[in-house]
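Asks: Here is my input; please provide its structure:
(chains A and B)
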Amino acid sequence: DTGVSQDPRHKITKRGQNVTFRCDPISEHNRLYWYRQTLGQGPEFLTYFQNEAQLEKSRLLSDRFSAERPKGSFSTLEIQRTEQGDSAMYLCASSPKGRGRNTEAFFGQGTRLTVV
Amino acid sequence: AQKVTQAQTEISVVEKEDVTLDCVYETRDTTYYLFWYKQPPSGELVFLIRRNSFDEQNEISGRYSWNFQKSTSSFNFTITASQVVDSAVYFCALSEAPSSNTGKLIFGQGTTLQVKP
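Replies: Below you'll find the predicted structure:
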């Protein structure tokens, strides 16, 4: 399977616990994005990597959130001290850098987080 | 600021009917990209089309067609002869100008399409 892979698909956690999600982008895609989608809403941008460099973070990304892409391949998104408001679908996407042009992003199936 | 508005929250049609999903966008950029994605119940966003701001030609792909009108800042999506498998949430999205070089997407709220047999 050469698509974007996310793990786990579902996560239920108690408020206050830490959680970590993983995203494996399409190989050779040097751009990687994290989005958050709450029920009935469109995805909202969280952060963006080009290779291993985190180049942009949304104001939505509070200091409880941290993302890494250590070798420019897979990425992790960690949420510390989870709150009920963190319950959402977390989507990862990747795209190739197309010579200054934006190319379409390919999305994974997401990780659905429920904080109880 | 950039914004995408999909005013139709839910649409229900009977199979074989044509249906148009509306998308209106706001941006100060002169160069930008517009997208449509489909999100079936499985959750994965499936890319349908990308349009750059310099290309106002309408596009047809099978039963799908897109009408881009810069004058009204709209990028509408029509499904002809709808099928039950078209049932999904459809998102319109806007991407920043290439010069900003991030490629992040700004999504509308989505339109849920239900096609009944």
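Asks: neighbours around the residue in chain B positioned nearest to chain A, how many?
Replies: The minimum distance from chain B to chain A, using Cβ to the nearest Cβ, falls at B:F107 (3.2 Å). Any C-beta I mention is one placed from the backbone N, CA and C, and that applies to glycine too. Look at B:F107: counted by other Cβ atoms under 10 Å in any protein chain shown, it has 21 neighbours.
Asks: For it, give me phi and psi.
Replies: phi -100, psi 150 (degrees, to the nearest 10).
Asks: since we're on the residue nearest to it when sequence neighbours are not counted, how many residues are nearby?
Replies: In this structure, B:F107 finds its nearest non-sequential neighbour in A:G42, 3.2 Å apart by Cβ to Cβ, 6 or more residues apart in numbering or on different chains. When neighbours are defined as other Cβ under 10 Å, A:G42 has 22 of them.
Asks: Likewise for A:E83?
Replies: 12.
Asks: what residues are up against it?
Replies: A:15, A:64, A:115 (Cβ atoms under 8 Å, 6 or more residues apart in numbering or on different chains).
Asks: what does B:Q2 give?
Replies: B:25-29, B:32, B:94, B:96, B:106.
Asks: Pull out the buried members of those.
Replies: For the contacts of B:Q2, a burial check counting by 16 or more other Cβ atoms under 10 Å in any protein chain shown picks out B:25, B:27, B:32, B:94, B:96, B:106.
Asks: which pair in the residues you listed spans the largest distance?
Replies: Within the buried ones among the contacts of B:Q2, two members stand farthest from each other by Cβ to Cβ: B:Y25 and B:E96, at 12.1 Å.
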